[in-house]
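**Q** return a 3D structure for these sequence lines:
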Amino acid sequence: MAALACVPVRSLAVAEERLAGGLVRLSYPVQLRPWLARLVRGLGLAGSPQRRPLDLDRLGTAVWDLVDGHRTVAEVAAAFARQHRLEPREAELPVAAFLRELGRRGIIGLADRGGETPPARTCPR
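**A** Reported below is the predicted structural model:
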């Protein structure tokens with residue numbers, strides 16, 4: 001799985017808030033569908049981009065805290081497995097799926113180890 005060699009990088013457009021108990025709330029900009037964006041502009045409601053909150057649970061917060069822009073997806077999964085006393089293979093799939101969902105929402109991106117965005121065939125977007 002090529003995505004395991006990619007480095008997840010937090011988006012600069014995402015705001016992080018620590019909640020009581022150490023959990024994390026993320027706030028990220030939402031991309032409106034083109035027809036809805038035209039409607040909003042037509043009504044004169046255009047302004048700052050809409051933001052959506054995402055409250056992470058304990059496990060999501062643990063993965064988020066491991067995303068440092070240096071570790072690969074495989075390394076994040078391995079560190080998560082050590083923290084939660086799992087076998088590394090047990091953690092790979094759920095951690096990769098969680099990171100894929102964060103990527104789908106634009107909360108993280110994937111880069112190669114040097115920090116550059118790699119070709120799509122190396123690190124899927």
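**Q** residue 25 belongs to a helix?
**A** No: Residue 25 sits outside any helix when classified using DSSP: H, G, I helix; E, B strand; the rest coil, being strand.
**Q** so what's it up against?
**A** By Cβ atoms under 8 Å, 6 or more residues apart in numbering, the contact set of residue 25 is 16, 17, 19, 53, 54, 55, 56. C-beta: built from backbone N, CA, C; applies to glycine.
**Q** and with 6 Å instead?
**A** Residues near residue 25 by Cβ atoms under 6 Å, 6 or more residues apart in numbering: 17, 19, 53, 55.
**Q** which regions of this structure lie under the pLDDT threshold?
**A** Applying pLDDT under 70 to the chain flags residues 1, 32-33, 36-37, 40, 45-49, 114-125.
**Q** in it, spot the helix with the most residues.
**A** Assignment by DSSP state H gives helix 88-104 as the longest helix of the chain.
**Q** and it, what does it pack onto?
**A** Using 3 or more Cβ pairs under 6 Å, 6 or more residues apart in numbering; DSSP states H and E, the elements in contact with helix 88-104 are helix 73-83.
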